[in-house]
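# After the sequence you'll find the predicted model.
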Amino acid sequence: MGPEHFNFQTTVSDDGTGTGGGWRAACLHIRFGYVNTASSMICKLEVGMPLRANGEAEISLAYAKRISAEMANEAAYSVLSRERRLGVACTEFISLYRELMAAAVPGARVQQSCPSGLTPVIFGAGVE
């Protein structure tokens with residue numbers, strides 16, 4: 001998964017005071033499937049990020065995309081490298097991804113759904 005898969009959209013504008021505020025979010029539909037079978041499922045999630053770190057320093061869009069991709073890949077590798085049912089893989093991926101993002105960017109969140117209004121990016125992840 002690359003930074004280009006994170007189509008962040010500003011959902012709450014920064015108030016311009018430098019005291020915080022502002023939010024961006026991206027919706028992803030990740031297809032988890034086994035390579036040599038027709039079994040697959042769509043894991044839907046939202047990645048949300050404040051526009052400012054700790055209410056102060058601006059988080060650039062490029063950084064938001066890059067760190068989101070890095071943490072998603074780390075979570076996916078960890079979860080998909082172990083054999084499991086696809087539904088369990090999705091749940092475990094979101095849980096681990098949530099932990100990694102919260103540690104990387106205070107205030108970031110990952111949740112299992114996408115609010116209406118966000119255009120999803122569809123990405124496939126195969127499991128051997």
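Good, I have the coordinates.
# what residue ranges in this structure score low on pLDDT?
Within the chain, the stretches with pLDDT under 70 are 16-20, 34-37, 55, 83-84, 125-128.
# where do the helices sit along it?
61-80, 86-104 (DSSP state H).
# helices or strands next to the first one in the packing?
So the one you mean is helix 61-80. strand 23-34, strand 40-50, helix 86-104, strand 120-127 (3 or more Cβ pairs under 8 Å, 6 or more residues apart in numbering; DSSP states H and E). To be clear about C-beta, it is placed using only N, CA and C from the backbone, and glycine gets the same treatment.
# Just want the angle from it to helix 86-104.
140 degrees (axes from the mean of the first three to the mean of the last three Cα atoms, to 10 degrees).
# Kindly format the C-alpha coordinates of helix 61-80 as PDB.
Provided in PDB are the C-alpha atoms of helix 61-80 (Å, rounded to 0.1, in the frame of the first residue of the first chain):
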ATOM      1  CA  LEU A  61      -0.700  16.100   3.700                       C
ATOM      2  CA  ALA A  62       2.400  14.400   2.400                       C
ATOM      3  CA  TYR A  63       3.400  13.300   5.900                       C
ATOM      4  CA  ALA A  64      -0.200  12.100   6.700                       C
ATOM      5  CA  LYS A  65      -0.200   9.900   3.600                       C
ATOM      6  CA  ARG A  66       3.300   8.500   4.100                       C
ATOM      7  CA  ILE A  67       2.900   7.600   7.800                       C
ATOM      8  CA  SER A  68      -0.600   6.200   7.100                       C
ATOM      9  CA  ALA A  69       0.900   3.900   4.400                       C
ATOM     10  CA  GLU A  70       3.900   2.900   6.500                       C
ATOM     11  CA  MET A  71       1.700   1.900   9.500                       C
ATOM     12  CA  ALA A  72      -0.800   0.100   7.300                       C
ATOM     13  CA  ASN A  73       1.900  -1.900   5.700                       C
ATOM     14  CA  GLU A  74       3.400  -2.800   9.000                       C
ATOM     15  CA  ALA A  75       0.000  -3.900  10.400                       C
ATOM     16  CA  ALA A  76      -0.800  -5.800   7.200                       C
ATOM     17  CA  TYR A  77       2.500  -7.700   7.200                       C
ATOM     18  CA  SER A  78       2.100  -8.700  10.800                       C
ATOM     19  CA  VAL A  79      -1.500  -9.900  10.500                       C
ATOM     20  CA  LEU A  80      -1.300 -11.500   7.000                       C
END
